[in-house]
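Chemist: I'd like to go over a predicted model; first the sequence, then the structure.
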There are 2 protein chains.
Amino acid sequence: MTTNLTPLFTPEGVVVIGASRQSGKLGAAMARSLAAFPGARALVNSRRPDPADGVYASVADAAGHTGGRRLDLAVLCVPAAACADALAEAAAAGCRAALVCAGGFGEAGPEGEGHAKALRRTVRETGIRLLGPNTSGFFDPHLGLTASFVPAAGQLPAGDIAVVAASGGVNHALAFDLAAAGNGISLAAGIGAGLDVTAADVLEHLAEDGRTTAVALHLETVPDGPRLVAAVRRLTTVKPVVALVVGRTDVGDFARSHTGALATSWRTARAALRQAGAVVVDDERELVDALTALSRIRLRPHPDPGLGIVTAQAGPGLLLADRAGADGIRMPELTGPTRRTLGELLPPLTYQRNPVDTGRPAETFARVLDATAADPEVDLLAVYALAEPDSVDLASAAQDAGLGAASPAVVVVGGLPEDVAEQRARLHKAGVPALAGPASAAGAVRALVTDARQRALGEREDPPSQPPPDSGVAVPPGPLDEHAAKTFLGTLGIPTPDRVPCGSRAEAHQALRLLGGPVAVKVLDAAILHKTEAGGVHLGVRTPDELDAALDAIGPGRRYLVEAMAPPGVDLVLGVRRDPVFGPVVLAGLGGTAAEVYADVALRLAPLSVPEAAAMPDELAARALLDGWRGGPVLDRAAFGRVAAALAAALVASPHTAEIEINPLRLTAEGLTALDAVITHTAGRTAEEKDHA
Amino acid sequence: MTTNLTPLFTPEGVVVIGASRQSGKLGAAMARSLAAFPGARALVNSRRPDPADGVYASVADAAGHTGGRRLDLAVLCVPAAACADALAEAAAAGCRAALVCAGGFGEAGPEGEGHAKALRRTVRETGIRLLGPNTSGFFDPHLGLTASFVPAAGQLPAGDIAVVAASGGVNHALAFDLAAAGNGISLAAGIGAGLDVTAADVLEHLAEDGRTTAVALHLETVPDGPRLVAAVRRLTTVKPVVALVVGRTDVGDFARSHTGALATSWRTARAALRQAGAVVVDDERELVDALTALSRIRLRPHPDPGLGIVTAQAGPGLLLADRAGADGIRMPELTGPTRRTLGELLPPLTYQRNPVDTGRPAETFARVLDATAADPEVDLLAVYALAEPDSVDLASAAQDAGLGAASPAVVVVGGLPEDVAEQRARLHKAGVPALAGPASAAGAVRALVTDARQRALGEREDPPSQPPPDSGVAVPPGPLDEHAAKTFLGTLGIPTPDRVPCGSRAEAHQALRLLGGPVAVKVLDAAILHKTEAGGVHLGVRTPDELDAALDAIGPGRRYLVEAMAPPGVDLVLGVRRDPVFGPVVLAGLGGTAAEVYADVALRLAPLSVPEAAAMPDELAARALLDGWRGGPVLDRAAFGRVAAALAAALVASPHTAEIEINPLRLTAEGLTALDAVITHTAGRTAEEKDHA
């Protein structure tokens, strides 16, 4: 493969600028890390050159002593103030990529920002690619290339998982953790300040890297949301990506000190990554579990894969089943033929419907695994057993049962570290992910199932009767009052109540006669955003007297909206707005204070397909309210999907519009109705201009 | 120490009944496991005795060949049908304790239940203590005693953590996991069916065990809630208990097949354990992290301890801070003097307010740890560093800084397994818990802080002006209508709206005049539990006409309640009821559907102190609604605590009462008011009789 990051990650030769023999110095650690690199190596120290010892006065000097191999990569170990000049020298001498580990740039006040600007200028002028600054570097165990000031990274095993981390420290921590779980590394890179090379660049590079079967992605801030999303989306079509996003809590100050940039909205970043096909995890342990599994096996796309559990000890199997159940994993009852087979293989007293409790049958364990995995209801098998060298040999049983890529399974081996390590190595060699315990296995199951569900969603076609969701209808210009906003919703196919805009009391009385009671009477004025607070909403008006009272309360010289009252139901909120990092987003939740207090909302980037939008309500913790709670109405997911997708397309098609919010969007026995809608336009500049500012 | 479980867990000698030389048989595995026991050992096989090989025909025979040492413990490896006779034989020959590993008892239908009954009878008649059946046994590495059919358990290191697990498999799994995390085991026991010895028995035994500094507790079902709670409460006053409860999801069928008993309510069990002082965790990884910390250090009791973070690499420190923040851990800004000291020790560009980002300063790391730990705002320190043998020596720095019991800290070392293991061993030797990564450290922090908070709550005295909460006022007998129920609440000091019970329309009109409008008009009948559904509730009645309409709707020949309307506010639900396992419990949540859909409730066992009850609202996910949400009222926690404690005491004092529910309990600007109350009595038998059935 060749990408524009090839000189950075696959250099013919490496030169360390600012190399040092002094222990403790960055340049010394770096020289030591790179000593094992089998390609060309050169050290440069302009102040203390020592050509006899392989330390040259300049990059050009060094380049003349490599036996004709290119010094593609320059590793800069000089102070921030000297970096731009060193980078220019490297570029002039033929280097096509560089790594700057030190800090002292964007995060370090005006002086540092000056150094960053100088670096950026040199990158622009020379075309050299730059990783960093403010990173501990990268390493590729396949190449024996450790461009990191943590020399221990050079001892990590080569393998098929790549790490792309915002932070150099996290890059190392994840690589060490992945290795401790029995995995090898293909490439691990810490982005740091991301002055030139960003996570998106490295992800694009990894799409072409045949050695990498799965990717770990750690994010703190995102400079260019749409580009990152596009890179993740492209990558997930060919290999799984597992993402960990920092910033659940307000870690702003510390994060800023670390990266020099504001933390990206955690919720939106996670939603965007999920939508692009990544498996989003909550911490680095889940990340390791997910990758231990996804680097070896992947389920076929499936809207809701079924999990079968086989356990040699009931108690740990119960822990696993309990956790998987809490995670919303489906555990189907095994079919009759499977149960008959198991009945022949197992003692009569064990539970055999799923989970399958085997009571440690050494002889029949492989056949039990085989029968359960083969059940048509089972898409993924999870297996637990304590390693008992004389009793159950799990690795052999797994192999005999043909577990692996064709018959996906995750296996937990409990026991003494040496027994576990031996079994794990054999299982991994057979392509079966081995996990550390029930919680770890549950994490792997969650990741595999999430990946399968997301890919199923990506595969599903919009119903052909629906208009393509990206052909959005543009919002009309100018301020829109409630009637105009609802009329616009009508053009999107979103139902609204019957209503009459009225310019006078007489018209309002006529409207009451027309609509019959009860009606809602509201002030109609695009300038009033909070009508209820302003005393401008009167509900349940039935008689001319009540109407007069309502009109009196709203006051004279106003326009009014007289509207049929909707039947009771469940109130949702549906909105589209522009995120400063990711652009147009769709947000759905329950109405009222609950959604706010419980932060129970589903988010997606716009535009989105009808099936993607239709899946949003099922993400809500309160989704039971939408499925006939206490005899109430049931939400037609496809109808919701059409409304949300149309609204999303409208925002995309309307660069002057900042936000459209339907609150409430009421679910009644007759379906969805928009009871109130607010559309706001961007003041001054258009939103598109803002997006590109 | 000597307890009634001493013969079981600290026997002078052990006899295996049903010993076998046939590999794969339980009796053979058990004999192999016990081979390393330095006490007396004897094997019995009535069918194939071989005295020359140390296999005797009977326990009495065997007892004559132990050089005078008692065969305290009999390990029964015979089929279920033969167990009772073997147990009787053992007891007759002087054994005072026994272990039965096999299944085939209570979980195995009527025949098995017969075997269980026979065993129970023998236990009762002989006084022998029995662990099991349906467990893989127990082991004590200090004594070299492995009474388990998993011989590898004999290789676990001796240490100071005890395991008490419902399941034998989980007992082994947890012990292996604890050891893998660098811990040793004092005693590990699987309860199994718990026919005689229960978890509560073992916990009582451990309270006297000086070698044990912390206890892992795994629960599936609880046969005797109050006794378990009492044992946990007693144990947590002297050593920390970390509890994992299975049954979050409906694992009923499988769990029943496994233990032969219904799973205990997950929520109630967890609440009861917390209230008894245990640290309740979500999975076995959290359990290991919690015990790695709590077996070495414990914070002083504190209502909200402050966490200081020092990190050598910013990125992993950020992961840890983010997670701790999400867990509700307080991370105070360091005080001025500390920041001045850090300013002298660290380069100017690093963040120093907390977290403290050190930028890997090898020389000053110990002094940075010392200064941060010494800050008056810091009750616990968390430290992260990648192991870099030539750069930061974390173990030495921790020791130089005096971290340990007197200066509590958790430390994460990242890096290659061998470097990590070396550092961890040195840290553990110094009494400083070493964790595997940010998520793991966050788990340890959560456990230490939870333990400190719970102990602070236990220490806090009720305000002396309050009546002791256990002197409950008994509920009057007989059916209580809403007025009677509210009058009873009044005697408990719980505010209710002004109201007038009316026997006629005339009285109702008089009541309206007395109270002024608006009033609520309700049917008054203890037999109608769902008044609203029955058309028996009319709100906002202001005029005599409206009153007549309401009375017409309720119908003639009724009694009515005319009641002042409460101002708007936030509705809570507060109830007390009897749990079949744990007895009287208190439940608090938000009113409406939200609390139900989000399962957002706080639970406590009754009786409880006012401060304990006052802490309940802060457990609710929606607690922000109670703290002046959008200018609304703020809940006086002490007032709530008095109401809840009084209600709890009332249920305890009223054996004939099944349930008292206040729904809604409205929080207004004037405080709490009970807007509706239902009191139900147990039909037929009293609740107390039911509790003992």
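Modeler: Okay, I see it.

Chemist: can you confirm A:Arg233 is in a strand?
Modeler: No. With DSSP: H, G, I helix; E, B strand; the rest coil as the criterion, A:Arg233 is located in helix rather than a strand.

Chemist: wait, doesn't it sit right on A:Ala276?
Modeler: Yes. Here A:Arg233 reaches A:Ala276: they are 4.1 Å apart, a contact under CB atoms under 8 Å. Every residue, glycine included, has its C-beta placed from N, CA and C.

Chemist: which of those two has more neighbours?
Modeler: A:Ala276 (22 against 18; other CB atoms under 10 Å in any protein chain shown).

Chemist: elements contacting the longest helix along chain A?
Modeler: What stands out as the longest helix in chain A, according to DSSP state H, is helix A:438-459. Secondary-structure packing of helix A:438-459 (3 or more CB pairs under 8 Å, 6 or more residues apart in numbering or on different chains; DSSP states H and E): strand A:279-281, helix A:284-294, helix A:314-326, strand A:380-386, strand A:409-414, strand A:434-435, helix B:284-294.

Chemist: try 7 Å
Modeler: Judged by 3 or more CB pairs under 7 Å, 6 or more residues apart in numbering or on different chains; DSSP states H and E, helix A:438-459 is in contact with strand A:279-281, helix A:284-294, helix A:314-326, strand A:380-386, strand A:409-414, helix B:284-294.

Chemist: quick one, phi/psi of the residue most central in space within chain A?
Modeler: The centre of chain A sits closest to A:Leu273, judged by CA atoms, centre = their mean, with a distance of 2.7 Å. The phi and psi torsions at A:Leu273 (degrees, to the nearest 10) take the values phi -70, psi -40.

Chemist: find the nearest non-adjacent residue to A:Ala550, please.
Modeler: Nearest non-adjacent residue to A:Ala550, counting by CB to CB, 6 or more residues apart in numbering or on different chains: A:His538, 3.7 Å away.

Chemist: so that neighbour belongs to a strand, correct?
Modeler: Yes. Assessed by three-state DSSP, A:His538 belongs to a strand.

Chemist: give me the neighbour count for it.
Modeler: Neighbourhood size, A:His538 [other CB under 10 Å]: 20.

Chemist: quick one: contacts for it?
Modeler: Applying CB atoms under 7 Å, 6 or more residues apart in numbering or on different chains to A:His538 gives the contacts A:Ala520, A:Val521, A:Ala550, A:Ala553.

Chemist: which one (most neighbours) among those residues?
Modeler: Counting neighbours by other CB under 10 Å, A:Val521 leads these with 27 neighbours.

Chemist: could you pull out the helices in the stretch 551-693 of chain A for me?
Modeler: Using DSSP state H, counting those that start in this stretch, the helices of the stretch 551-693 of chain A run over A:592-597, A:610-614, A:637-652, A:687-691.

Chemist: in the stretch 551-693 of chain A, which ranges drop under the pLDDT threshold?
Modeler: Filtered on pLDDT under 70, the stretch 551-693 of chain A yields the residue ranges A:684-693.

Chemist: one more pass at 90, please.
Modeler: Along the stretch 551-693 of chain A, the parts satisfying pLDDT under 90 run over A:555-557, A:580, A:590-600, A:629-631, A:682-693.

Chemist: burial of the nearest residue to A:Asp618 once chain neighbours are set aside, as a residue count?
Modeler: With CB to CB, 6+ apart as the criterion, A:Asp618 has its nearest non-adjacent residue at 7.4 Å, and that residue is A:Arg637. Neighbourhood size, A:Arg637 [other CB under 10 Å]: 18.

Chemist: can I assume A:Arg637 is in contact with A:Ala614?
Modeler: Yes. With contacts counted by CB atoms under 7 Å, A:Arg637 reaches A:Ala614, the gap being 4.3 Å.

Chemist: where does the prediction get shaky in the stretch 401-550 of chain A?
Modeler: In the predicted model of the stretch 401-550 of chain A, residues A:405, A:457-473, A:478, A:517, A:527-536 satisfy pLDDT under 90.

Chemist: switch the cut-off to 70
Modeler: Scanning the stretch 401-550 of chain A with the threshold set as pLDDT under 70 gives A:459-471.

Chemist: again, but for the stretch 1-150 of chain A
Modeler: A:1-2, A:23-24.

Chemist: give me the residue from the stretch 401-550 of chain A nearest chain B.
Modeler: With CB to the nearest CB as the measure, A:Ala439 is the residue of the stretch 401-550 of chain A nearest to chain B, at 3.8 Å.

Chemist: so that residue sits right up against A:Ala324, yeah?
Modeler: No. Shown here, A:Ala439 and A:Ala324 do not form a contact pair, counting by CB under 7 Å, at 10.5 Å.

Chemist: what lines up beside the strand ranked longest in chain A in the sheet?
Modeler: Identified as the longest strand of chain A according to DSSP state E is strand A:657-668. Take DSSP bridges as the rule and strand A:657-668 pairs in its sheet with strand A:570-579 (antiparallel), strand A:671-674 (antiparallel), strand A:677-681 (antiparallel).

Chemist: got the CA coordinates for the shortest one in PDB?
Modeler: Yep, that's strand A:671-674 we're talking about. The C-alpha trace of strand A:671-674 is given here as PDB (Å, rounded to 0.1, in the frame of the first residue of the first chain):
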ATOM      1  CA  GLY A 671     -50.300   8.800  15.100                       C
ATOM      2  CA  LEU A 672     -47.900  11.700  15.400                       C
ATOM      3  CA  THR A 673     -48.900  15.400  15.400                       C
ATOM      4  CA  ALA A 674     -46.700  18.500  15.800                       C
END
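
Chemist: quick one: which of the helices and strands packed on helix A:438-459 is nearest A:Ser46?
Modeler: helix A:284-294 (40.5 Å; CB to CB).

Chemist: quick one, the helix or strand following that closest one and strand A:380-386 angle?
Modeler: Downstream of helix A:284-294, the first helix or strand assigned by DSSP states H and E is strand A:307-311. Between strand A:307-311 and strand A:380-386, the angle comes out at 20 degrees (axes from the mean of the first three to the mean of the last three CA atoms, to 10 degrees).

Chemist: and the residue of the stretch 401-550 of chain A closest to chain B, how many neighbours?
Modeler: 24.

Chemist: next one: A:Lys429
Modeler: 10.

Chemist: three-state assignment of the closest residue to the residue nearest to the centre of chain A other than its chain neighbours?
Modeler: Closest residue to A:Leu273 apart from its sequence neighbours, by CB to CB, 6+ apart: A:Ala243 at 4.7 Å. Assigned by three-state DSSP, the conformation of A:Ala243 is strand.

Chemist: tell me the bridge partners for A:Ala243.
Modeler: A:Leu217, A:Val280.

Chemist: what does the model give it for pLDDT?
Modeler: If you check A:Ala243, the pLDDT there is 98.

Chemist: quick check: it touching A:Ala214?
Modeler: No. Between A:Ala243 and A:Ala214 there is no contact under CB under 7 Å: 11.7 Å.

Chemist: more neighbours: which of those two?
Modeler: With neighbours defined as other CB under 10 Å, A:Ala243 and A:Ala214 compare such that A:Ala214 has more, 27 against 24.

Chemist: what sits against the more buried one?
Modeler: A:Ala214 neighbours (CB under 7 Å, 6+ apart): A:Asp160, A:Ile161, A:Lys239, A:Pro240, A:Val242, A:Leu291, A:Leu294, A:Ser295.
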